[in-house]
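Undergrad: Dropping the sequence and predicted coords here.
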Amino acid sequence: MTNNIKKSLLEFQRNEMTESVIYHRLALREKDPQNAQVLEKIAQEEAKHCEIISQLTGQPCTACHVKIAWYLLLARVFGITFTVKLMEGNEGHAAQKYRTYEDFPAVQKLADDEDAHEAALINLINEERLNYMGSVVLGLSDALVEFTGALAGFTFALQNPKLVALTGAITGIAAALSMGSSEYLSSKTEKAEGKNPVKAAVYTGGAYILTVGLLVAPYAILDNIFLALGLMLFLALLVIASFTFYYAVAKGENFKGRFLEMAGLSFGVAAVSFFIGFLLQKFTGIEA
C-alpha cells in the first residue's frame with residue numbers, strides 16, 4: 001500500500017467515524033422514535049464502515065469534532081432532513097471514490113452500501129416542517145413575486161424611501177394575514193393527512209411576513225431611494241437562493257432550475273411594476 005493510498009483511506013476512515021458520531025448524536029436528540037431508530041441504524045452502519053477501513057490502515061477510528069459540531073448546528077437550525085441529505089450528498093462523492101479502489105474489494109463494497117442502504121433509510125425520516133413545506137413555498141414565493149413587484153412600483157411612484165417602507169409594511173402585513181387565512185381555509189377544506197390548518201396558516205403567513213420585513217428594511221434604513229431598491233432586489237435574490245438551496249437539498253430536487261424559475265418570476269414582475277410606476281407618475285403627474 002502506497003503512502004497516498006493509505007492517506008486517502010485514513011481520510012475515508014475519519015469521515016465514516018465522524019458521520020457515525022453525527023448520526024448517533026442526532027438520534028439521541030430526536031424526539032420521534034421512528035426518526036431516532038433510522039438515525040441510529042445509519043450510525044451503526046457508518047461505524048462498521050470505519051472498522052472495515054481501519055483493518056486495512058491499521059489505525060484506530062477517530063472523528064473530526066469540528067465537522068460534528070457544524071452538522072449538529074445545521075440540524076438544530078435547519079432540521080434533520082436537510083442535514084442528513086446534505087451529508088448524503090457528500091457520501092455520494094465518497095461512494096464514487098470507493099469504486100476506484102479496485103485492489104481493495106472491501107472498500108468497493110462500501111460504495112454499494114452508501115448508494116443503496118443509507119438512501120433507503122434516509123427516505124424513511126419523517127419531519128414535521130417538511131409536511132408544511134408547501135405552505136412555506138406558498139408564503140415565500142408569493143411574497144417574493146408580489147412584494148418585489150409592489151416595492152419596485154412604489155419606488156418610482158412615491159420616490160420617498162420612508163414612505164415606501166411605511167406603505168410596503170402596511171401592504172405586506174395585510175397580505176400576510178390574507179395569505180395565512182387563505183391557507184387555513186384551503187388546508188381545512190382539503191383535509192390533507194397529517195396537516196394542521198392552523199399550523200399551515202402560521203407557516204404561510206410567517207414566511208410571507210418575514211420576507212416582507214427583510215425586503216422593506218432597506219427603505220427604512222437608507223435615504224437614497226434607488227440604493228434601497230438595489231439592496232431590496234439583492235436581498236430578494238439572497239432569499240431565493242437560500243430557500244431554493246434548502247428546498248433542493250431537503251427534497252432532492254434540482255437547485256438551478258428552481259432558482260432560475262423563482263428569480264425570473266420575482267425580477268420579471270419587479271421590472272414590470274417599476275415600469276408601471278414610472279408610467280403612472282408621468283401620466284397622472286402626481287408627486288409624492
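TA: Nice, thanks for sending it over.
Undergrad: Walk me through the domains of the chain.
TA: The chain breaks down into these domains under automatic domain parsing: 3-126, 129-284.
Undergrad: now these in JSON lines, with mean neighbour count and mean pLDDT?
TA: For glycine as for every other residue, the C-beta is placed from the backbone atoms N, C-alpha and C. Below are the domains of the chain laid out as JSON lines (neighbours: other C-beta atoms under 10 Å; pLDDT from 0 to 100):
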{"stretch": "domain 3-126", "mean neighbour count": "17", "mean pLDDT": "81"}
{"stretch": "domain 129-284", "mean neighbour count": "18", "mean pLDDT": "79"}
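Undergrad: From Ala207, how far off is Val136?
TA: 5 Å (C-beta to C-beta, to the nearest Å).
Undergrad: For the spatially most central residue of the chain, list the residues it contacts.
TA: Computing the C-alpha centroid of the chain and ranking residues by C-alpha atoms, centre = their mean puts Tyr246 first, at 1.4 Å. Taking C-beta atoms under 8 Å, 6 or more residues apart in numbering, we find Tyr246 in contact with Phe78, Phe82.
Undergrad: Once you drop chain neighbours, what's closest to Glu19?
TA: Glu46 (4.8 Å; C-beta to C-beta, 6 or more residues apart in numbering).
Undergrad: That neighbour in helix, strand or coil?
TA: With DSSP: H, G, I helix; E, B strand; the rest coil as the basis, Glu46 sits in helix.
Undergrad: now swap in Lys31 and tell me
TA: coil.
Undergrad: can you check Glu102 too?
TA: Applying three-state DSSP to Glu102 yields a three-state assignment of coil.
Undergrad: Next: the one 5 residues further on.
TA: Using three-state DSSP, the structure places Val107 in helix.
Undergrad: how close does it sit to Tyr101?
TA: 4 Å.
Undergrad: circling back to that earlier point, for the residue nearest to the centre of the chain, what are phi and psi?
TA: Main-chain torsions, Tyr246, degrees, to the nearest 10: phi -60, psi -50.
Undergrad: just Asn254 next, same as before
TA: Backbone torsions of Asn254, given as degrees, to the nearest 10, read phi -80, psi 120.
Undergrad: excluding its backbone neighbours, what's nearest it?
TA: Distances taken as C-beta to C-beta, 6+ apart put Ala248 closest to Asn254, at 6.5 Å, once the chain neighbours are dropped.
Undergrad: and the gap between that neighbour and Ser242?
TA: 11 Å.
Undergrad: How about Ile52?
TA: Taken as C-beta to C-beta, the span from Ile52 to Ser242 is 38 Å.
Undergrad: Same question for Thr155.
TA: Taking C-beta to C-beta, one finds Thr155 at 24 Å from Ser242.
Undergrad: wait, isn't Phe12 in contact with Ile52?
TA: No: the criterion here is C-beta atoms under 8 Å, and Phe12 misses it with Ile52 at 9.9 Å.
Undergrad: Between these two, which contacts overlap?
TA: Counting by C-beta under 8 Å, 6+ apart, the common neighbours of Phe12 and Ile52 are Val107.
Undergrad: And Gly268, how close does it get to Ala228?
TA: Distance, Gly268 to Ala228, using C-beta to C-beta: 20 Å.
Undergrad: where do the helices sit along the stretch 101-250 of the chain?
TA: For the stretch 101-250 of the chain, helices defined by DSSP state H, counting those that start in this stretch occupy the ranges 105-112, 119-122, 128-131, 133-142, 148-158, 161-190, 197-221, 225-251.
Undergrad: closest to Thr83 out of those helices?
TA: Minimum separation from Thr83 across the helices of the stretch 101-250 of the chain (C-beta to C-beta) falls at helix 225-251, 8.9 Å.
Undergrad: Next, the angle from the closest one to helix 148-158.
TA: 180 degrees (axes from the mean of the first three to the mean of the last three C-alpha atoms, to 10 degrees).
Undergrad: helix or strand right after helix 225-251?
TA: As assigned by DSSP states H and E, the chain's next helix or strand after helix 225-251 is helix 255-284.
Undergrad: How far does that following helix sit from its chain's centre?
TA: The chain centre lies 24 Å from the centre of helix 255-284; the measure is C-alpha atoms, centre = their mean, to the nearest Å.
Undergrad: separation between Glu253 and Tyr246?
TA: Distance check for Glu253 against Tyr246: by C-beta to C-beta, it reads 11 Å.
Undergrad: Sorry, slip of the keys, the one I care about is Leu265.
TA: 18 Å.
Undergrad: Touching, Thr204 and Leu140? I think so.
TA: No: applying C-beta under 8 Å, one finds Thr204 not in contact with Leu140, separated by 9.0 Å.
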